[in-house]
Structures are given as C-alpha cells and as structure tokens.
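Q: Curious how this folds, go ahead:
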Amino acid sequence: MFSRSLALTGLLLATLSIHAKTIDATTAGVLGDGTTLNTATIQKVIDDCSASGGGTISFPAGRYLTGTIQIKSRVTLRFETGATLLGSTNVDDYRNLDPFVDGNGHPLGHALIVALDADHVGIEGAGTVDGQGPLLKKVQKNYTMRPFLVRWVRCTDVTVKDVHLTAPGAWTLNFFQTKGAVIEGVTIRTRDLGLHNNDGINIDSSEDLRIQDCDVNSGDDALVIKSTSSRPSRDITAKKCKLSTRTNAIKLGTESFGGFENISISDCEVTNTQMSGIALYTVDGGDLRHVTIKDITMDGVAVPISIRLGTRLKTFREGDQPKPSPGKLSDVTIKNVTAKNIKLIGLLINGVPGHPVESLALENIHLEVPGGGKAGDATVQLPENETAYPEYTMFGKTMPASGIYARHLHGVQFKDVTTTPLLPDARPATTLIDVTDLTPANFATKP
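A: The predicted model follows:
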C-alpha cells in the first residue's frame with residue numbers, strides 16, 4: 001500500500017513537472033525578425049507541447065509574424081517584455097474554426113489566436129499581441145475578412161493575464177461557450193484605428209468568468225456580454241476595470257438569444273464613452289435576470305444607463321430557430337452610480353407594450369444631465385421600434401424629459417436617484433409611461 005502511494009505521488013509529481021515545463025519558442029525555430037511567417041513553426045511547437053503533456057511556450061523579445069495559430073490543451077503562450085506577436089496582413093493566412101454571424105448579419109469567426117475545445121490554456125506576460133488590423137483592412141477592397149485577435153471556443157480553465165492586446169480585425173478578446181476563465185491585468189487598445197466591431201472583452205454564451213483590473217480603450221463596446229447560442233452567459237463577475245470606448249462601456253446584449261443571468265459588475269471607471277455607460281439589452285428572446293451593477297463612476301457618456309427589452313427575435317447560429325416571443329428583463333439592481341458630462345439624458349428605460357421591464361431597483365444614482373431642453377420637446381413621442389437593433393439612438397435625438405424617460409415597466413424602485421440639469425430646462429425631469437408598481441409612488445411628480 002505504501003509503495004503504491006509512493007508510485008502515485010511520483011506520477012503526480014512527474015505530471016506536474018511536465019505541465020510546468022517552459023519552452024523557448026526561438027529554440028524551436030520561431031524567428032522574431034518581424035518578416036518571416038512563423039505560422040507552421042509556431043503551430044508545431046504548440047502541437048508537440050500539448051502532446052507531451054503541456055507547458056508554457058515563451059516568446060522572448062522580438063516581433064513574430066504569423067497567421068492563425070491554434071492553442072491546444074494544457075498549453076500557455078507567454079509573451080515576454082519586448083515580445084510582439086504580429087498578425088499577418090495576408091487574408092489567406094487566417095482560418096475560421098467556428099463561423100457565425102453578428103447582430104448585423106456579418107459573417108465572423110476568423111482569428112489570429114484561437115483555442116477550440118481545449119482545457120487548461122492561456123496567454124500571459126508583459127508582451128503584446130498586435131493584429132495589424134489597419135494594414136489587413138488596407139489590402140482588402142471590401143473589408144470582409146476581419147479576424148478576431150484572440151478566441152476561446154468551448155474551452156475550460158482559461159487564463160489571460162497581463163498582456164497588451166491591440167489592432168484586431170474584429171473583436172479583441174472573445175469567449176464562446178467557455179467555462180471557467182480568469183482575465184486579469186489585461187490592457188486593450190483598439191480605438192481610433194479606422195476599424196469597426198473591435199470590441200474589447202467580448203463574452204458569449206459562457207459561464208464562470210472573472211474579470212479584474214483590466215484597462216480597455218476600444219473602438220466598439222469595451223466590456224460586452226452576449227449570447228449568440230441557446231446557452232446563457234451566466235455567473236460572471238467583473239471589477240476594478242477602466243473602460244473607455246467609442247460606443248458602450250458596460251453592455252449586456254445586442255446578440256441576446258440565450259440570455260443572461262447572475263452577472264455582477266462593480267467598482268469600474270467609465271470615461272470618454274460616446275454611447276451608453278451601462279447598456280442592458282435583451283431583444284432576441286433570451287431572459288436577462290439577476291444582474292447587479294454597482295459602484296460605477298462615469299465622466300463623458302451620452303446616456304449613463306440605457307435599458308431595453310425588445311422583440312427583434314434574431315438567431316446567430318446555424319440550426320437555431322427564432323424564439324416565439326420576447327424573454328424577460330427582470331431582477332436588475334443598479335446602485336452607487338455617478339455621472340457627469342452627459343450628452344443626452346440620464347436614464348432611458350424601455351420595454352414594449354405587453355412586455356414590461358420588471359423588478360428594477362435603482363439606488364444612490366446621481367447624474368449631472370445637460371439640460372437646455374425646450375417646452376416643445378416635452379411633447380415628443382418616442383417611437384417604439386420594437387424589432388430594431390437595440391441602441392439608445394433608436395429613439396431619436398430629442399428626449400421629452402431632461403433626466404429620466406421610462407416606458408413599459410412593472411415593479412421599479414427609485415431610492416436616492418437624482419438628475420441635476422446643468423442648464424435651465426423646460427421639460428419635466430422625469431417622464432413615466434405605462435409604469436406600474438412604482439416605489440415611491442410619487443417619484444415622477446416630486447420636486
């Protein structure tokens with residue numbers, strides 16, 4: 001019995017030793033000269049490492065040009081200080097291992113780095129992954145082949161730590177149907193590159209993810225959670241992140257087929273964001289429920305909080321059938337939010353007739369809205385646009401209230417919520433339409 005225990009212990013130590021091994025990519029023939037295409041060489045190093053039990057592949061300082069590389073189980077890529085993985089500018093060097101379409105119907109799925117059905121995988125280090133998106137766009141007459149920078153597809157136990165990610169063709173860091181991931185200390189810079197759809201951290205139909213201490217400045221949504229498949233995105237926490245973007249900083253939705261549940265986002269700083277600071281959208285039949293967002297500061301947003309339950313009812317994966325009716329948007333708590341330098345309105349909340357947003361709690365929210373509205377603006381009737389792509393812009397540029405517009409809600413609680421106009425405003429501070437079970441009952445009429 002004792003000898004058997006020793007044997008098992010030895011086997012375990014040997015296994016751990018294999019998993020802990022580090023391979024210098026350059027000793028395996030990978031060249032960091034910035035011009036040699038290393039796709040096949042890097043892939044062989046990854047394949048051999050995975051087949052021999054796993055380990056870390058280290059890229060020392062240098063510039064490593066490659067097309068699509070696939071991380072296999074038990075392999076971590078580490079980019080050391082001064083190391084840059086460069087995406088090829090030849091469209092033929094990329095592969096699409098998991099095709100799908102986005103919310104606008106565009107085909108997507110190519111990637112520079114991809115892991116498919118892999119476990120215990122990751123990317124780490126103080127180096128950089130640069131997709132060279134602007135150059136890849138330049139060589140295409142129609143910019144249709146837009147590779148993601150990093151994709152994790154149906155993976156488990158993923159770690160992305162400390163790396164600098166920039167210039168993707170589409171989304172920067174994407175997780176699809178992935179279970180168990182830690183994203184920590186990651187810096188993303190994709191803004192002002194002349195590209196589109198270059199989200200920062202993009203989570204799709206995944207669960208048990210932890211995001212912390214990331215710094216994202218993106219051309220599209222900074223931290224966005226989607227569900228393009230029937231699986232919901234759930235059990236996700238994000239905290240202590242800095243977010244800045246040309247679109248939405250914190251977003252659930254657009255693609256919302258499978259829904260969202262048990263999401264917690266806290267202690268984040270939102271700056272220089274041209275659309276919504278917090279956007280909660282479910283429009284494709286999935287439920288959005290049990291979401292808590294708290295301790296958020298914003299400086300420079302169009303709309304601090306935008307919430308939408310709609311009836312677009314779109315699908316994104318082959319074989320999926322449209323949902324027959326909208327899902328529910330319920331059990332949402334947003335508290336401890338401050339915002340200044342707002343461009344349009346403080347809170348914009350919309351269900352649709354017969355399908356209200358339910359059980360919404362807003363607490364300790366203080367917003368400096370722009371003001372300056374005219375009396376005639378108060379008579380504007382916002383379109384329902386029940387089946388449209390969800391964004392605050394779907395309702396037009398003129399709001400009938402200076403601070404809060406809410407329509408088709410049941411069970412909403414306002415506690416210590418203020419909107420302060422910076423300029424005199426002839427509109428009411430709050431407009432509520434088809435709102436039932438309101439606490440306090442006189443919220444819209446109190447001074």
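Q: Could you use CA atoms for every contact and neighbour count after this?
A: Noted.
Q: What helices and strands are in contact with the helix or strand encompassing K44?
A: K44 belongs to helix 39-51 when assigned by DSSP states H and E. Packing contacts for helix 39-51, counted by 3 or more Cα pairs under 8 Å, 6 or more residues apart in numbering; DSSP states H and E, involve strand 55-59, strand 69-71, strand 75-79.
Q: residues making contact with the second one?
A: Read it as strand 69-71. With contacts defined as Cα atoms under 8 Å, 6 or more residues apart in numbering, strand 69-71 is touched by T39, I42, Q43, I46, L112, I113, V114, A115, L116, A118, V121.
Q: The fourth one against V75, yeah?
A: Yes - between I46 and V75 there is a contact at 7.0 Å, judged by Cα atoms under 8 Å.
Q: mind listing what G371 touches?
A: Counting by Cα under 8 Å, 6+ apart, G371 touches S402, P421, L422, L423, P424, D425.
Q: Which single one of the residues you listed is nearest to I203?
A: S402 (33.5 Å; Cα to Cα).
Q: wait, isn't the closest one in contact with L423?
A: No - using Cα under 8 Å, S402 is not in contact with L423; the gap is 10.1 Å.
Q: Spit out the residues that contact those two alike.
A: Residues touching both S402 and L423 by Cα under 8 Å, 6+ apart: P370, G371.
Q: Mind checking the pLDDT average for stretch 64-84?
A: Averaged across stretch 64-84, the pLDDT comes to 98.
Q: List the buried residues in that stretch.
A: Across stretch 64-84, burial judged by 16 or more other Cα atoms under 10 Å covers 64-80, 83-84.
Q: distance between stretch 190-210 and the chain's centre?
A: Remark: stretch 190-210 is offset 5 Å from the chain centroid, using Cα atoms, centre = their mean, to the nearest Å.
Q: what comes up buried for it?
A: Under 16+ other Cα under 10 Å, the buried positions of stretch 190-210 are 190-191, 193, 195-210.
Q: cool, and stretch 373-381?
A: Residues of stretch 373-381 classed as buried by neighbour count (16+ other Cα under 10 Å): G373, D377, A378.
Q: Let me see the mean pLDDT of it.
A: What stretch 373-381 shows for mean pLDDT is 97.
Q: So which elements touch the longest strand seen in the chain?
A: Ranked by residue count, the top strand of the chain under DSSP state E comes out as strand 404-423. When contacts are defined as 3+ Cα pairs under 8 Å, 6+ apart, strand 404-423 sits against strand 347-350, strand 357-371, strand 430-439.
Q: out of the ones you listed, nearest to N248?
A: Among these, the nearest to N248 by Cα to Cα is strand 347-350 (14.0 Å).
Q: elements contacting the closest one?
A: Using 3+ Cα pairs under 8 Å, 6+ apart: strand 347-350 touches strand 303-309, strand 404-423.
Q: Buried deepest among these, which one?
A: strand 303-309 (a mean of 27; mean count of other Cα atoms under 10 Å).
Q: Kindly export whichever helix or strand comes after it (C-alpha atoms) in CSV.
A: Using DSSP H and E, the helix or strand that follows strand 303-309 towards the C-terminus is strand 329-342. Output of strand 329-342 as CSV, limited to C-alpha atoms (Å, rounded to 0.1, in the frame of the first residue of the first chain):
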residue,chain,number,x,y,z
LEU,A,329,-35.8,41.6,-18.4
SER,A,330,-36.1,41.4,-14.6
ASP,A,331,-34.4,41.4,-11.2
VAL,A,332,-31.8,44.1,-12.1
THR,A,333,-30.1,46.2,-9.4
ILE,A,334,-28.1,49.3,-10.3
LYS,A,335,-26.7,51.3,-7.5
ASN,A,336,-23.9,53.7,-6.4
VAL,A,337,-23.5,55.4,-9.8
THR,A,338,-22.3,58.9,-10.5
ALA,A,339,-22.0,60.5,-14.0
LYS,A,340,-21.0,63.9,-15.4
ASN,A,341,-20.5,65.3,-18.8
ILE,A,342,-23.6,63.6,-20.1
